[in-house]
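# sequence? don't have it. structure:
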Ligand code: NOJ
């Protein structure tokens, strides 16, 4: 009997050891990115190009602001030269090849194509620059993803009222048509606007970006309406007149950071919803929701506040039924710029804001957990799973939407090649991408912000987001890969995330097999 039980015991141990050995011998099923998933990097014209008045380019609102009011920029710098991609574009494409990118997202400077913003005069050298850039990418199978507007409005258009002019949608459509005509034979991914909230709230409703209009009461909302209508006009122009020949897609990029409730209370949940509506819902709902128009609860909130403040009508404009129909459904994909999370409270952590303004209308408290690592940018902390939370929320709201992550990245203060913080951030975000794919979210690509260091708007060159460091002091604007560039390259090559991977050398090479 004893012998028998000994035998059973030994057998159990053998079976268990065998199982353990098997577990270690065959590594856990690796999570892989699909072969057709587009890995890329993103930039924007004013932030990298330089050549601010080269070869007939017109003045834009960032040229004007930084030249006349340099003190608004932290290091009093500007984008006059930036990384000089206007002349270094071949090196940029070489870097894309070094990384093995499938795609590259960049923007077109409106005033480089149309110097005074209006469509009567096309600047051919500007067209040629983008032709060269695009052709160089295509030579190496890199898919261009083009943003029509990344914040550098022609000054002439601003002088005529900018986004607040009733004619703005018309001018934007004219510009978009020229761009589709000139580049649409080769560009198949179009983004109309980059980050409407930052255009409208920061540029018109506060003084955080050019043209620093600071019309806190109505600036954001007037701009929001015009912007989504302009977007829809460009989308329909593409859909009607270019899509059948060119066969591309057209969407919009909205910044969707995660605003979750601080506690489980109904009040905090509602507060988080109100802030989501204020920050990105006023742009996303008109386009992606079934009913169209601005988001209901926030509209009611602004109407009530406006009445109490003595305005004869809501500070938030209305859409006509025709406008609702024009805008509703006017996107083939939802571009998501995602960086971080903030926890929202109905009662705690409130700050002062001007009485009639977007944040006063939202009237919520905002809090970030002290354990979330901080970057060089005061708004950017490393909040676990923030990307997954944002995408899951968007998918639940806009059921059939196709998504691209059009920006995601991490800043450091000044130069430095050993960027382990950025590496942790990217690995964690890309794990969220895999989680999202496994959850069935239709996510087609991921663009890291940014390919290279660049002019970080009001922060000048003090905050760096590049996979490549740029030596802004050198006349060549020398580019050097950071450690994160090697890690990203390996993720793209292997289509998996190895948390232990360390680059064997500090030399970048081009994998011709790519
Ligand atoms: C989003 C903007 O689109 C981009 O221009 C900016 O540099 C990054 N965020 C980082 O702030």
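Received, thanks. All figures in this text were calculated on a predicted structure; none of them were measured in a lab.
# just give me the neighbour total for residue 431.
Residue 431 has 17 neighbours, counted by other Cβ atoms under 10 Å. For the C-beta atoms, the positions are set from N, CA and C on the backbone; glycine is no exception.
# against the ligand, how distant is it?
Separation of residue 431 from the ligand (Cβ to the nearest ligand atom, to the nearest Å): 21 Å.
# immediately after the strand or helix carrying that residue, which helix or strand?
According to DSSP states H and E, residue 431 maps onto helix 420-438. Following helix 420-438 in sequence order, the next helix or strand is strand 443-449 (DSSP H and E).
# is the next helix or strand after that following strand up against the ligand anywhere?
With elements assigned by DSSP H and E, the helix or strand that comes after strand 443-449 is strand 463-464. No. Applying Cβ under 6 Å from any ligand atom, one finds strand 463-464 separated from the ligand by no less than 7.4 Å.
# quick check: bridge partners of residue 481?
residue 468 (DSSP bridges).
# follow-up on the earlier one: what average pLDDT does the helix holding residue 431 get?
The average pLDDT within helix 420-438 is 98.
# report all helices and strands that that helix contacts.
Under the contact definition 3 or more Cβ pairs under 8 Å, 6 or more residues apart in numbering; DSSP states H and E, helix 420-438 sits against strand 381-382, helix 386-397, strand 443-449, helix 483-494.
# name the nearest residue to the residue nearest the centre of the chain, sequence neighbours excluded.
Per Cα atoms, centre = their mean, the C-alpha nearest to the average position across the chain is that of residue 337, at 2.9 Å. Nearest residue to residue 337, sequence neighbours excluded (Cβ to Cβ, 6 or more residues apart in numbering): residue 407, at 3.9 Å.
# for residue 39, see how far away the one you found is.
Distance, residue 407 to residue 39, using Cβ to Cβ, to the nearest Å: 14 Å.
# so what's the closest residue to residue 54 other than its chain neighbours up against?
Leaving aside its chain neighbours, residue 54 sits nearest to residue 86 (6.0 Å; criterion: Cβ to Cβ, 6+ apart). Contact analysis of residue 86 by Cβ atoms under 8 Å, 6 or more residues apart in numbering lists 49, 50, 51, 54, 129.
# residue 86 in helix, strand or coil?
The local conformation at residue 86, judged by DSSP: H, G, I helix; E, B strand; the rest coil, is helix.
# can you pull out the helices in the stretch 151-300 of the chain?
155-159, 168-183, 196-197, 219-241, 243-246, 266-276, 282-288, 296-308 (DSSP state H, counting those that start in this stretch).
# of all those, which one is nearest residue 422?
Ranking these by proximity to residue 422 (Cβ to Cβ) places helix 196-197 first, at 24.4 Å.
# could you name the helices and strands sitting against the closest one?
Under the contact rule (3+ Cβ pairs under 8 Å, 6+ apart), helix 196-197 is packed against helix 219-241, strand 249-255.
# for the record, mean pLDDT for that helix?
When pLDDT is averaged over helix 196-197, the result is 98.
# how about the residues of the stretch 251-400 of the chain near the ligand?
Proximity of the stretch 251-400 of the chain to the ligand is confined to residue 337 under the rule Cβ under 6 Å from any ligand atom.
# state the phi and psi torsions of the residue in the stretch 251-400 of the chain that the ligand sits nearest to.
Residue of the stretch 251-400 of the chain nearest the ligand, by Cβ to the nearest ligand atom: residue 337 (5.4 Å). Reported as degrees, to the nearest 10, the phi and psi values for residue 337 are phi -100, psi 120.
# that one pairs with what?
Counting by DSSP bridges, the residues bridging with residue 337 are residue 255, residue 407.
# need the contact list for it.
If you count contacts by Cβ under 8 Å, 6+ apart, then residue 337 has 194, 195, 253, 254, 255, 256, 405, 406, 407, 408, 449 around it.
# distance of residue 216 relative to residue 201?
Distance from residue 216 to residue 201, counting by Cβ to Cβ: 9 Å.
# which residue of those two possesses the greater neighbour count?
With neighbours defined as other Cβ under 10 Å, residue 216 and residue 201 compare such that residue 201 has more, 25 against 22.
# next up, the contacts around the closest residue to that one other than its chain neighbours.
For residue 201, ignoring the flanking residues on the chain, the nearest one in space by Cβ to Cβ, 6+ apart is residue 220 at 4.6 Å. By Cβ under 8 Å, 6+ apart, the contact list for residue 220 reads 200, 201, 204, 205, 357, 358.
# so which of those residues is surrounded by the most neighbours?
residue 200 (29 neighbours).
# returning to what we had before: who has more neighbours out of residue 407 and residue 39?
Comparing residue 407 with residue 39 by other Cβ under 10 Å, the one with more neighbours is residue 407, at 25 against 22.
# quick one, grab the pLDDT at the more buried one.
pLDDT, residue 407: 99.
# same thing with the one 5 residues further on?
pLDDT recorded at residue 412 is 98.
# could you do residue 511 as well?
On pLDDT, residue 511 comes in at 86.
# is it true that it touches residue 99?
No. Counting by Cβ atoms under 8 Å, residue 511 sits too far from residue 99 to count as a contact (9.7 Å).
# quick one, which of those two is more surrounded?
The neighbour comparison of residue 511 against residue 99 (other Cβ under 10 Å) goes to residue 99, with 30 against 12.
# now the more buried one: how far from the ligand?
Residue 99 is 19 Å from the ligand, by Cβ to the nearest ligand atom.
# quick check: chain neighbours aside, which residue is closest to that residue?
Leaving aside its chain neighbours, residue 99 sits nearest to residue 489 (4.9 Å; criterion: Cβ to Cβ, 6+ apart).
# the closest residue in space to residue 82 that isn't next to it in sequence: what's it in contact with?
The spatially closest residue to residue 82, leaving aside those adjacent along the chain, is residue 50, at 4.3 Å (Cβ to Cβ, 6+ apart). Residue 50 makes contacts with 79, 80, 81, 82, 83, 84, 85, 86, 87, 477, as judged by Cβ under 8 Å, 6+ apart.
# run the last query once more with 6 Å
Counting by Cβ atoms under 6 Å, 6 or more residues apart in numbering, residue 50 makes contact with 81, 82, 84, 86.
# most neighbours among those residues, which one?
residue 82 (26 neighbours).
# is stretch 132-148 positioned near the ligand?
No. Interface with the ligand: stretch 132-148 contributes nothing (Cβ under 6 Å from any ligand atom), its closest point being 8.8 Å away.
# buried residues in that stretch, which are they?
By 16 or more other Cβ atoms under 10 Å, the buried positions in stretch 132-148 come out as 133, 134, 136, 137, 142, 143, 144, 145, 146, 147, 148.
# do stretch 425-444 as well
425-437, 441-444.
# kindly report the same for stretch 225-239.
225-235, 237-238.
# sorry, back to before: quick check, pLDDT for the residue of the stretch 251-400 of the chain closest to the ligand.
Confidence score, pLDDT, at residue 337: 99.
# what count of nearby residues applies to the closest residue to residue 374 other than its chain neighbours?
Of all residues not flanking residue 374 in the chain, residue 381 sits nearest, at 5.3 Å (Cβ to Cβ, 6+ apart). Using other Cβ under 10 Å, residue 381 has 19 other residues around it.
# ok, residue 381 - contacts?
By Cβ under 6 Å, 6+ apart, the contact set of residue 381 is 340, 368, 372, 374.
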